[in-house]
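Based on what follows, work out the 3D shape:
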Amino acid sequence: MSLIKDKINSENLPKHVAIIMDGNGRWAKSRGEERTFGHKNAINAVRNAINACNEINIPYLTLYTFSSENWSRPAEEVNSLMNLLVETLLLEAEEIFSKGLRMHVIGNLEKLPTLVREQLLRVVELTKENTKGNLVLAISYGSQNEILNAIKNISSDVKEGKVEVENIDEKLFENYLYTKDFPPVDLLIRTSGEIRISNFLLWQIAYAELQFLNVLWPDFTKDIFFQCIVDYQNKERRYGLTGEQLTGQ
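Model prediction:
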């Protein structure tokens, strides 16, 4: 029984939590190991985040699994990450399904090795009828590229007469993003002590609460996640209004 979990108000939960899973390399280095050792030991942290969300019924969890910039890392590390992703999907697919979770993938999937893409799409297909919660993996993902692609597609539709310029607003723009079927992010968590967004969901976090933790990702636990939710609930979310407007005073 988690004492921290007991502090959570089930009536004030975020609908969408996103996590930048950072610190695997430093975690491994601190133990005299290669970076790939950190990635392999990060799987338990992923399970912890998924299980914590599932336990308190947060409907959307997005994990920054592999960024578009990560392709620039050493080939050996990239290959290791891709192999680990396939292995993890093979091992965890049944668990994801049994929890009633639906898996989604966002990003430039065409850049992925064929085997990785096929395994991802297999789990997406396997879980498409599940309704208990949504696990979103951002893979080969970059927010700037996502926004640029949205602009290009809107421009194309304007040229073809499918969209009127006067009708372009936030809602229409969001329909051209990978995340068009998801709610906006309420809480963004980044581990490792770094204080930056790293090209992740730039549009979607416009009004999110941001939490930067001095914890390396492999050390991430369910109680750490629950504490993030407690801290989130202690914030006053104003959306540009004053505190007095929110309380009606």
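
helix/strand/coil for the residue nearest the centre of the chain?
The residue lying closest to the centre of the chain (CA atoms, centre = their mean) is residue 62, at 2.2 Å. Taking DSSP: H, G, I helix; E, B strand; the rest coil as the rule, one finds residue 62 in the strand state.

Pretty sure it sits against residue 17.
Yes - counting by CB atoms under 8 Å, residue 62 does reach residue 17; the two are 7.4 Å apart. For the C-beta atoms, the positions are set from N, CA and C on the backbone; glycine is no exception.

shared neighbours, the two?
Listed as contacting both residue 62 and residue 17 by CB atoms under 8 Å, 6 or more residues apart in numbering are residue 185.

coming back round to it: now do the contacts for the residue nearest to the centre of the chain.
Contact partners of residue 62, counting by CB under 8 Å, 6+ apart, are 16, 17, 18, 19, 106, 136, 137, 138, 182, 185, 201.

low-scoring stretches of this structure, by residue?
Along the chain, the parts satisfying pLDDT under 70 run over 1, 238-249.

Do a quick rundown of the helices in it.
With DSSP state H as the criterion, the chain has helices at 24-29, 35-40, 43-56, 75-98, 114-126, 143-159, 170-174, 222-233, 243-247.

would you turn these into JSON lines with mean neighbour count and distance to residue 66?
Formatted as JSON lines, these follow (neighbours: other CB atoms under 10 Å; distance: least, CB to CB, whole Å):
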{"stretch": "helix 24-29", "mean neighbour count": "20", "distance to residue 66": "12"}
{"stretch": "helix 35-40", "mean neighbour count": "19", "distance to residue 66": "10"}
{"stretch": "helix 43-56", "mean neighbour count": "18", "distance to residue 66": "13"}
{"stretch": "helix 75-98", "mean neighbour count": "15", "distance to residue 66": "6"}
{"stretch": "helix 114-126", "mean neighbour count": "15", "distance to residue 66": "9"}
{"stretch": "helix 143-159", "mean neighbour count": "14", "distance to residue 66": "14"}
{"stretch": "helix 170-174", "mean neighbour count": "12", "distance to residue 66": "23"}
{"stretch": "helix 222-233", "mean neighbour count": "19", "distance to residue 66": "21"}
{"stretch": "helix 243-247", "mean neighbour count": "10", "distance to residue 66": "38"}
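
In JSON lines: these, plus distance to residue 8.
Formatted as JSON lines, those follow (distance: least, CB to CB, whole Å):
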{"stretch": "helix 24-29", "distance to residue 8": "27"}
{"stretch": "helix 35-40", "distance to residue 8": "29"}
{"stretch": "helix 43-56", "distance to residue 8": "6"}
{"stretch": "helix 75-98", "distance to residue 8": "23"}
{"stretch": "helix 114-126", "distance to residue 8": "29"}
{"stretch": "helix 143-159", "distance to residue 8": "29"}
{"stretch": "helix 170-174", "distance to residue 8": "29"}
{"stretch": "helix 222-233", "distance to residue 8": "5"}
{"stretch": "helix 243-247", "distance to residue 8": "21"}
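
Nearest approach to residue 5 belongs to which of those?
helix 222-233 (4.7 Å; CB to CB).

Which strands or helices does that closest one pack on?
Secondary-structure packing of helix 222-233 (3 or more CB pairs under 8 Å, 6 or more residues apart in numbering; DSSP states H and E): helix 43-56, strand 187-190, strand 209-212.

what's next to that helix, contact-wise?
Taking CB under 8 Å, 6+ apart as the rule, helix 222-233 contacts 2, 4-5, 7-9, 12-14, 17, 48-49, 51-53, 55-56, 58, 186-187, 189, 209, 211, 213, 215.
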